[in-house]
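Visitor: sequence? don't have it. structure:
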């Protein structure tokens, strides 16, 4: 086994420094939210915006046109004081920074400025300088959705939908919004790629929006133990609608508000009970609207076209089916140069790829193909009629940018290593490529998607060079199926001595839609991993089957039995760790959060002799307490998969606990509700086992800022107490 | 200091066994709820009932008349089968034990039998054997209150009051009972000696009852995380009315139901807002009813006499005032031989004593006096016209039985050591005296309150003789005031070696209405203390100023600053511990529950360098989260005593924590609501300190049975992890 592992191809050794004079990391250095994080370890960045083909470099108090080849300043554009003078003359409040300013119109000297209180302005900064537009100042305004063509702004307030039209007049579109009924907000608990609830037609003449009725859904009784401004100081109930797997779910419908007629129609999609309406997209002519309609079992979906004026169904464009589940996450996108065709992302051949369709539902061509996955379509080069997308074709742990023509030919753009986050300009000809790789923290290149030319305009200093950095390695081992390559990251203490014996901690996530090992800086090592390595722990992470970006079979191996195959793979990782002479097999620990908390608790109770100590955060304990959308996709329902729910319930395994296990939960976690952790405590007590517990009252599923640093001190102390 | 301490008078050394072959205690042996507690360590007892002057020895399946001198069987009375045959003939369900059977009528062969489901019967067991009476079988019936004269049974169901009359007919007395409005239940959160809500007149013709309206009180959002039989498996809200200090409290009124007229009148006591109605007592002729009415500040009370037929106030019999607080806990009791006089317990001279009053309000005589306290009036010897009471006159840590004549002369009855629980017969001539002392676990004597004769009828075996018992000592030290004697208990490990250094743990309660050191078996040592001593810890407990049975000044030293003087006294205990050569001053721990949890957390955060490790259970953290009745008595309100609340709030001291502190709370604690512990966690997180946490989901203020054993394993492990 060991020899095989050592032969694996991808194995890199990062440079490390063992010079004694180097600095030691603190948790405040290493964690987002730490007081010295941005100063000491986070890579510096640059804020760059597109204005047509111009690259605008943004700073807090000024911005300038940048040379796309050198990054040098070509000419100043304006200063913060300059635009604040324009605002002041119009009796508008000042903005405090230009960092998040943008230029929505290629042909106009208009800057969109944002205040931290949610107010926005468009300022004409050349010629007849003035405030062209400003948003309402209502502090209760949320979910802003602005259409640049019409200047219409949709927003919500106390769960009702409002529109400020381009002239500044405000219309209240709905009136019965309340805790039970939400308008214009994200629905289906942000699954299926949904992250918002309003969708402007291309020219902003019509607004599609979600309506969600959750009056029939159970409320989880969240409790605020430090209420402020209430009539009593007594803890306060904060009910939160939470549909649990197999129970009654909410009902979603889609309305369309017409700015001309001032009327709302609803798409005639039939009874919304136990259905998901996702991936809303407008036809380019604003006459039709598309969405993907999915059954509750998530096995069958159809792309349906509706008449946007009447709400009548025009046709089912196509259907898609998967025996296990099918999860559409990206709306269709019409070709800018051919409104009769659109592209669609599907995993139907086993990997996420781009398909070209006619609007009549005929598939024209599969544009990408291979044992790798398209991450997302970034946009289109409308001069060349090419598609810009990202994928991990180069390596399963990378994310690179590709340019694809309509014949299905594609080429990688710019730097071929690392992990890239591209930002196209309006024509799609230019691209700001912000990326990191295992060896450097951040580069920003400007790329031309036509000529495939690229040039570096910014490289962040490696702040870690001042520190005594642990050794970080990437490698692969075979999964428990004996054939699949799994990627791991191994971190060795800075003063590593192969003749010593080190305790080792596995950091695990393990669930779908995520990974923990990649080709970002330090192979994605987390700040806490580094901190622990510095304290003398070997740190290990492995992306097991079930995790993202490795194709459908890789993910669906876990179907109806979440955790089972994942744990088998993690045990392969443990086997590998134990094969390392410098790892003390009697001192193995495991830590994870959310799905990783589930994995941690699962591992501690399913294989009680492997890990001496674990810390599980915000864990799922029993999928019957998890939500309908995510839960039923992978587990079906407790009614249709009773064996799966029983086998994977940690309530049934509580009595197996032998090692030390600390379970931590956010006191008001709306995702993995406190019932998970608390019912596990009850099960352990009943079964005479002895977990430890901590909570962050008032926090949700994750801890941020100060609390995040405190949390990792607690986690570290637990391993220091019980593993070292 | 040390020399002085060693000179103190009361210092006893219990016999201990260090022979290696002796058994080791387990927690299951030592704790109530432990699987082997009754078998291995709890003293055996006998169930004895009075039937006139006959002593009836009760066993599960038979009972017999016992010789009062020897305890020997004089003659069988009946068997379980015998009474079950009588029940069967009357088509009644069988009873499973005679242990809790009683004989309400001195002159009739009637036995009152109880079933575990709440159903009771009166069976005539001699002559014309038959079922004389049986209670309703409604499983929702609660709060049974039975009058032996009339055979009327009052009970509550879903917060409404019902009466089953002697003939078996059931009347629903109230109809608007609900979560907000309770009838016939205990009120004022069981303070002021209140433990029930119905009060039969002597002959059972009238029933006084409480009505409590708490619609104006805040609800604490308790959460059930393991709901059963609900429509959703989602955690369930269980709201619980909880009036917090300084906030709006409930309103109580007192009704009187007349069995003859079938009508209810309410006592005309005026607006019940911010008032306490306590110590309800009937006049012997059933014509008048008395109660003590107390202002919310608990400084001023009056005994008021009402006309039981009309509810009109007849007179204020007398008033009582205390600048700090005045806490009436015992209803007046009329002399059986003189209905114009009653006795009343008051601490007005500094100690709790018996006063004789005329019904016109004139105090006739203070019957007891001295620097000791009357615990309770047990009853009257109606042949001799004497009063039987208990007090700690013999020693502050004892509880003995006394017989008092109307001239104020009293004598101790029976054994003069230990801690006695007497049970009088109806005439008051005989008494079953169940008691223990530091040297023996249980004796039962029969005493004659006229002749002062007594005879032992049962002595429990000392089951501990089989175990390797720690050394247990009693002693006193001076309080922080330099003058008051405080009692402590010191426990040394069984194999104690004075040349070794031991870690020491202080077990503390410290609050009013309680003590932890007394003259019961092993000086009141708790099972967990023994367990810890066996593991090699020196265990120490001290009853500080503020605790019970030591007089008013002793208790009120803590007024408006709960915890402050108490901690100073505990630190005197720590000084004493440190003076012991075999105590390792660097390894001191502290543990307490409820007020003791408050003391533990207070000590850890006020004197952070004293204790290395603490475990606080169900703690008060801030008195502003505690209830109105108890809280305001000792602390006044947050509005009237802002400094006191601020100084004693542990939220303000969270940042001082240095040692290891585990806080444990019952997940549904209705007494010290979870808000205490959780707001403390939040304060510690914000202040960058690191307590540990555990909870028992579904449990209340204390853990019982299996959970209690689990809890003490958790507590023990924490000290083993961090103190040993």
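Guide: Nice, thanks for sending it over. Note that the coordinates shown come from a computational prediction; the quantities given were computed from them, not determined experimentally.

Visitor: now the helices for chain A?
Guide: Secondary structure of chain A (DSSP state H): helices at A:2-7, A:27-30, A:37-40, A:80-89, A:527-534, A:552-556, A:564-579, A:595-606, A:628-635, A:642-648, A:675-686, A:706-722.

Visitor: of all these, which lies closest to residue B:64?
Guide: Distance to residue B:64, taken as C-beta to C-beta, is lowest for helix A:675-686 among the helices of chain A, at 42.0 Å. Heads up, the C-betas are built off the backbone N, CA and C, glycines and all.

Visitor: what angle sits between that closest one and helix A:595-606?
Guide: Interaxial angle of helix A:675-686 relative to helix A:595-606 (axes from the mean of the first three to the mean of the last three C-alpha atoms, to 10 degrees): 20 degrees.

Visitor: which strands and helices sit next to helix A:675-686?
Guide: If you count contacts as 3 or more C-beta pairs under 8 Å, 6 or more residues apart in numbering or on different chains; DSSP states H and E, helix A:675-686 packs onto strand A:660-666, strand A:692-696, strand B:692-696, helix B:706-722.

Visitor: which one of the ones you listed lies nearest to residue B:359?
Guide: That would be helix B:706-722 among these, by C-beta to C-beta, at 47.5 Å.

Visitor: and the angle from that closest one to helix A:675-686?
Guide: With the same axes, to 10 degrees defining the directions, helix B:706-722 sits at 90 degrees from helix A:675-686.

Visitor: do you know how far residue A:204 is from residue A:257?
Guide: 11 Å (C-beta to C-beta, to the nearest Å).

Visitor: now swap in residue A:226 and tell me
Guide: For residue A:226, the distance to residue A:257 (C-beta to C-beta) stands at 40 Å.

Visitor: mind checking which of these two has more residues around it?
Guide: The residue with more neighbours, out of residue A:226 and residue A:257, is residue A:257; 22 against 17, by other C-beta atoms under 10 Å in any protein chain shown.

Visitor: picking that back up, let me know which of the helices of chain A is tucked in deepest.
Guide: helix A:595-606 (a mean of 27; mean count of other C-beta atoms under 10 Å in any protein chain shown).

Visitor: just checking, what packs against that helix?
Guide: With contacts taken as 3+ C-beta pairs under 8 Å, 6+ apart, helix A:595-606 sits against helix A:564-579, strand A:583-593, strand A:613-617, strand A:660-666.

Visitor: want to throw those into a markdown table with mean pLDDT and distance to residue B:509?
Guide: A markdown table is the format used below for these (pLDDT from 0 to 100; distance: least, C-beta to C-beta, whole Å):
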| stretch | mean pLDDT | distance to residue B:509 |
| --- | --- | --- |
| helix A:564-579 | 98 | 46 |
| strand A:583-593 | 98 | 38 |
| strand A:613-617 | 98 | 34 |
| strand A:660-666 | 98 | 30 |
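
Visitor: quick one: which of the ones you listed is nearest chain B?
Guide: Ranking the helices and strands packed on helix A:595-606 by their distance to chain B (criterion: C-beta to the nearest C-beta) puts strand A:660-666 first, at 8.9 Å.

Visitor: partners of the residue in the stretch 351-500 of chain A positioned nearest to chain B in the sheet?
Guide: Per C-beta to the nearest C-beta, residue A:467 is where the stretch 351-500 of chain A lies closest to chain B, at 23.0 Å. Counting by DSSP bridges, residue A:467 forms beta bridges with residue A:23.

Visitor: quick one: contacts for it?
Guide: A:17, A:22, A:23, A:24, A:25, A:29, A:41 (C-beta atoms under 8 Å, 6 or more residues apart in numbering or on different chains).

Visitor: by pLDDT, give me the weakest of these.
Guide: When those are compared on pLDDT, residue A:17 comes out lowest, with 44.

Visitor: what's the distance between the closest residue to residue A:105 other than its chain neighbours and chain B?
Guide: Leaving out its chain neighbours, the residue that sits closest to residue A:105 by C-beta to C-beta, 6 or more residues apart in numbering or on different chains is residue A:148, at 7.1 Å. Distance from residue A:148 to chain B, counting by C-beta to the nearest C-beta, to the nearest Å: 43 Å.

Visitor: what's the neighbour count on residue A:148?
Guide: By other C-beta under 10 Å, the residues close to residue A:148 number 15.

Visitor: got phi/psi on it?
Guide: phi -70, psi -30 (degrees, to the nearest 10).

Visitor: contacts only, for it.
Guide: Residue A:148 touches A:104, A:105, A:204, counting by C-beta under 8 Å, 6+ apart.

Visitor: neighbour-wise, which one of those leads?
Guide: Ranked by the number of neighbours (other C-beta under 10 Å), those place residue A:204 first, at 21 neighbours.

Visitor: what does the pLDDT read for the residue nearest to residue A:105?
Guide: 96.

Visitor: and the gap between it and residue B:586?
Guide: For residue A:148, the distance to residue B:586 (C-beta to C-beta) stands at 69 Å.

Visitor: equivalent analysis for residue A:723, please.
Guide: Residue A:723 is 25 Å from residue B:586, where distance means C-beta to C-beta.

Visitor: what's the answer for residue A:361, then?
Guide: From residue A:361 to residue B:586 the distance is 79 Å (C-beta to C-beta).

Visitor: tell me which of those two has more neighbours.
Guide: residue A:361 (14 against 9).

Visitor: my guess is that one contacts residue A:320, does it?
Guide: No. Taking C-beta atoms under 8 Å as the definition, residue A:361 is not a contact partner of residue A:320, at 11.4 Å.

Visitor: shared neighbours, these two?
Guide: With C-beta under 8 Å, 6+ apart as the test, residue A:361 and residue A:320 both reach residue A:303.

Visitor: how is chain A carved up into domains?
Guide: With domains defined by automatic domain parsing, chain A comprises A:45-134, A:139-214+A:250-331, A:335-458, A:487-722.

Visitor: can you convert those into CSV and add a column each for distance to residue B:367?
Guide: As requested, the domains of chain A are exported to CSV (distance: least, C-beta to C-beta, whole Å):
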stretch, distance to residue B:367
domain A:45-134, 75
domain A:139-214+A:250-331, 64
domain A:335-458, 87
domain A:487-722, 51
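
Visitor: which stretches in the stretch 1-150 of chain A count as strands?
Guide: Ranges of strands in the stretch 1-150 of chain A, per DSSP state E, counting those that start in this stretch, are A:12-13, A:47-51, A:54-58, A:62-66, A:73-79, A:110-114, A:120-124, A:130-134, A:142-146.

Visitor: dump those into a markdown table; add mean neighbour count and distance to residue B:555 as well.
Guide: Converted to a markdown table, those look like this (neighbours: other C-beta atoms under 10 Å in any protein chain shown; distance: least, C-beta to C-beta, whole Å):
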| stretch | mean neighbour count | distance to residue B:555 |
| --- | --- | --- |
| strand A:12-13 | 11 | 71 |
| strand A:47-51 | 20 | 67 |
| strand A:54-58 | 20 | 69 |
| strand A:62-66 | 20 | 71 |
| strand A:73-79 | 15 | 72 |
| strand A:110-114 | 22 | 63 |
| strand A:120-124 | 20 | 65 |
| strand A:130-134 | 17 | 67 |
| strand A:142-146 | 18 | 55 |
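
Visitor: what residues does the stretch 501-650 of chain A put near chain B?
Guide: Residues of the stretch 501-650 of chain A lying near chain B by C-beta under 8 Å from any C-beta of the partner chain: A:624, A:625.

Visitor: indicate the residue of the stretch 501-650 of chain A located nearest to chain B.
Guide: Across the stretch 501-650 of chain A, the shortest distance to chain B (C-beta to the nearest C-beta) belongs to residue A:624, at 6.2 Å.

Visitor: phi and psi next, for the closest residue to that residue other than its chain neighbours.
Guide: Setting aside the residues directly before and after it, residue A:624 is nearest to residue A:638 in space (C-beta to C-beta, 6+ apart), at 5.0 Å. With angles defined as degrees, to the nearest 10, residue A:638 sits at phi -60, psi -30.
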